[in-house]
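Asks: here's my sequence, what's the structure:
(2 chains)
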Amino acid sequence: GDSVTQMEGPVTLSEEAFLTINCTYTATGYPSLFWYVQYPGEGLQLLLKATKADDKGSNKGFEATYRKETTSFHLEKGSVQVSDSAVYFCARANSGGYQKVTFGTGTKLQVIP
Amino acid sequence: DTGVSQNPRHKITKRGQNVTFRCDPISEHNRLYWYRQTLGQGPEFLTYFQNEAQLEKSRLLSDRFSAERPKGSFSTLEIQRTEQGDSAMYLCASKGTSGGETQYFGPGTRLLVL
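Replies: A predicted model of the protein is given here:
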């Protein structure tokens, strides 16, 4: 079935460090790919998305590129801030059918000053 | 605010009691989803509505769970005879027919069964 695998956390970085959170997905169909973020005590927010191969999603300095050949959608940011501390979820949704979202288990990021 | 809203935000109940949660989607969205998120895990799909029709149910949705969307607007999720294993965050999301495949999530209802 559909699945998403992302690197386990927690990830602890110093402010201004480079961030990579790895994510791979099952290649069933032609999925859209997402990164959602969950700040402490809050709900899920869409961070960025990509709907087809080679698309790059970007928002708030975060980027991820839809790589069909490696079935990957790694999240990157060049310089993290303390305010980026949150749990990040990689997710996929089929473009047809009911389009339910399948999530990874989440990666907790802690940025220290 | 025109986002997805959920009520209550928190619910504590005793084992064996029934609970009901409500979700109000973004007003023009005809698709509504329920998910469950347990501690340290990503959300898992429970059920899906298109307008008032419930079109898909996950195997996670046991007979004790029932969801409705009677007028194609708000939705309710009821859990009967709650068990401690039902303790989780219950998330609702909605999506329109345009705007690609993005689902917009509500803040969730956190359930604790004692």
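
Asks: please make it C-alpha for all contacts and neighbour counts, starting now.
Replies: OK.

Asks: any idea of the pLDDT on residue A:81?
Replies: Model confidence at residue A:81, given as pLDDT, is 97.

Asks: quick check: closest non-adjacent residue to it.
Replies: Nearest non-adjacent residue to residue A:81, counting by CA to CA, 6 or more residues apart in numbering or on different chains: residue A:15, 5.2 Å away.

Asks: my read: the one you found touches residue A:80, true?
Replies: Yes - with contacts counted by CA atoms under 8 Å, residue A:15 reaches residue A:80, the gap being 5.6 Å.

Asks: any residues in contact with both of those two?
Replies: residue A:111 (CA atoms under 8 Å, 6 or more residues apart in numbering or on different chains).

Asks: quick one: the lowest-mean-pLDDT helix or strand in chain A near chain B?
Replies: Ranked by mean pLDDT, DSSP states H and E, the weakest helix or strand in chain A is strand A:101-103, scoring a mean of 91. Yes - for strand A:101-103 and chain B, the contact criterion (CA under 8 Å from any CA of the partner chain) is met by A:101, A:102, A:103.

Asks: possible to save those as TSV with neighbour count?
Replies: Formatted as TSV, the residues of strand A:101-103 next to chain B follow (neighbours: other CA atoms under 10 Å in any protein chain shown):
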residue	neighbour count
A:101	24
A:102	22
A:103	26
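
Asks: among the residues you listed, which one sits closest to residue A:49?
Replies: Residue A:49 has its nearest neighbour among those in residue A:101, at 12.4 Å by CA to CA.

Asks: rewinding a little: partners of the least confident helix or strand of chain A in the sheet?
Replies: strand A:86-93 (antiparallel) (DSSP bridges).

Asks: export the partner strand as PDB, just CAs?
Replies: C-alpha atoms of strand A:86-93 as PDB (Å, rounded to 0.1, in the frame of the first residue of the first chain):
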ATOM      1  CA  ALA A  86       8.400  21.900  15.400                       C
ATOM      2  CA  VAL A  87       7.500  18.400  14.100                       C
ATOM      3  CA  TYR A  88       7.700  18.000  10.400                       C
ATOM      4  CA  PHE A  89       5.600  15.400   8.500                       C
ATOM      5  CA  CYS A  90       6.200  14.200   5.000                       C
ATOM      6  CA  ALA A  91       3.100  13.100   3.200                       C
ATOM      7  CA  ARG A  92       1.700  11.900  -0.100                       C
ATOM      8  CA  ALA A  93      -1.700  11.900  -1.700                       C
END
